[in-house]
Structure formats: C-alpha cells, structure tokens
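Visitor: Output the structure for:
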Amino acid sequence: MSEEGVQTLIAKLRHFRTRRAASEELGALGNQAVRPLMEALKSEEAEGALWAILNCLGELRAPQAVPAIAPYLEDSDFGMAAHEALLKIVGRDLGPAPAPWVQWAERHELDTGEPLEAPLQAAAATAPSDGRLTELALAEGCGTFRETEPGRYVVSLPVAEGAVKEVTIVFGSTDQEGAEIVIIYADCGDARPEHYETALRLNLRMPYGAIALRDVGGKPCFVMFNTILRQALTPIELRKSVFTIGERARRVERELHR
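Guide: Below is the predicted model:
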C-alpha cells in the first residue's frame, strides 16, 4: 500500500464508525504500518484514535514501538491501553513505570524482524497438554501456579507495587457452538449495587477482556475475564492474557472501590 493509503487508514481511526475496519487493515499491513503509527502517536490528539494506535502497535507486536508507547503508562487516560500493548509486544510484565520497558527495548536488536519468544513459539507447535501449556506460558519467573482441580490452575501473579494477584485459568469449557475454550479470570472485589453503573461504563472502554459477575461464597463478586479458543492456543497468547487480566483486575478493583 502507498504511504498515502496508510495515512488515510490512520485518519480513519479518529471515527468510531471506521475505526475497527481501519485497525484490521493496518494490522494486515504488518511492518509497513509500524513507523506511520509511531509518528501518529506523537501528534494525535483524539482520544479514540490514540487508544486505537496503541492497540494497533500492540497487535503488530512491534518491538521498535516500545520506547514510544512506554511514556503513556503514566497517563491516566491511556495507561491501561499502553500496558496491554506492551504486554503483547514483550510477553511479560515489566511493571507500571516506563523505564524498565525502555531498557528492555535498548537491550534488543529491534529491526531484525525476528519474532519474539521464539522458544515458546516452537514449543507451542507440539500441541502441549493443558498443564504443559500453562507451564510454558509462565516460564522465566512470570508467576507461580498450582492445579486446584483437573483443568483448573490458579496463578499467583506479581503485579505493580509488590502486590500479588491470583488469576484462574479454566480449561475444558465450550462455547455455544461446542468449540473448546479457555477461560481466564481474576476477582475484582465485592459487587455492590452502587458500583454497577461504574462497572458498565468501564466495560465500554475496555479493548480486551470484560467485567462480569460471579458468586463467591454466596456473594456476588466482580471479575475481569477473557475467553480464548483452545485450538492452537500458544503459550505466548496464554501468558499475555493472564498478565493482562491480572493487571486489569487490579486496576478495576482499585477504580471501583477507591
């Protein structure tokens, strides 16, 4: 695609009616879209477009964009979107501050075009069992886990400020069409009626995962959750979902109960 065509797609990110289709087209362009998106990140002022640019860079797994994305971690409006994009690119959580992410970028050869996490991608090709998939996803000190019952794993995930968040992975469920899915969720605290409107409004702003209700000890509780098709699920995708859901659950709990 021409440079002008790429710029036209980026301009369409400003409008909610064209944003989704433009994001998908930019994603299909691969590396060709990375540099223009990084330039747009510096100059764009529209909130919806900025969120979409961060999301696109994350979906493109563009390591060269890490230094440009990292400063948005400290932005109250875009911190969550920036963190999710960085998790997708790096594959592990380096915390809420920009510096460790920038240092990560400085240690890597950013323009080689080689995929990140190559050992995990190779292991995924062997179609590992549920337990092995979980083990691979949480390699390199990215959290500890225990199997509480067959097909259910509870991850103790280190999050910001030295805290630990428990994230549950459930294998063996199916969707309405009978396809096997994996459910990843983390509790966000008691679900009080006065918080329902806030939770619904937060859901509208979430590009990944959603807030739902589940009963815990006979009481309703907010949870952050995500579902992924089990077929061809890779350790990288599982790791990213676990980290994203855990971190978002921590932030949602703080938002709802502050």
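
Visitor: Now the element after the helix or strand of the chain with the lowest mean pLDDT, going C-ward?
Guide: Of all the helices and strands that make up the chain, helix 118-124 has the lowest average by mean pLDDT, DSSP states H and E, namely a mean of 43. In the C-terminal direction, the helix or strand that comes right after helix 118-124 (DSSP states H and E) is helix 130-137.

Visitor: Name every strand pairing with the helix or strand following that next one and say which way it goes.
Guide: Later in the chain than helix 130-137, the nearest helix or strand by DSSP H and E is strand 144-149. Next to strand 144-149 in the sheet, as set by DSSP bridges, lie strand 152-158 (antiparallel).

Visitor: Please state the offset of the partner strand from the chain centre?
Guide: 16 Å (Cα atoms, centre = their mean, to the nearest Å).

Visitor: got the buried residues for it?
Guide: Across strand 152-158, burial judged by 16 or more other Cβ atoms under 10 Å covers 153-155, 157-158. Bear in mind the C-beta positions are built from the backbone N, C-alpha and C, glycine included.

Visitor: Kindly reformat the residues you listed as JSON lines and extend each row with distance to Val170 and pLDDT.
Guide: Listed next are the buried residues of strand 152-158 as JSON lines, based on distance: Cβ to Cβ, whole Å; pLDDT from 0 to 100:
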{"residue": "Tyr153", "distance to Val170": "8", "pLDDT": "94"}
{"residue": "Val154", "distance to Val170": "10", "pLDDT": "94"}
{"residue": "Val155", "distance to Val170": "12", "pLDDT": "91"}
{"residue": "Leu157", "distance to Val170": "16", "pLDDT": "82"}
{"residue": "Pro158", "distance to Val170": "21", "pLDDT": "78"}
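
Visitor: Return the mean pLDDT over the host helix or strand of Leu54, rounded to an integer.
Guide: Per DSSP H and E, Leu54 falls inside helix 47-59. For helix 47-59, the mean per-residue pLDDT is 90.

Visitor: again, but for stretch 75-88
Guide: For stretch 75-88, the mean per-residue pLDDT is 86.

Visitor: before we move on, what about stretch 234-246?
Guide: Stretch 234-246 comes out with an average pLDDT of 84.
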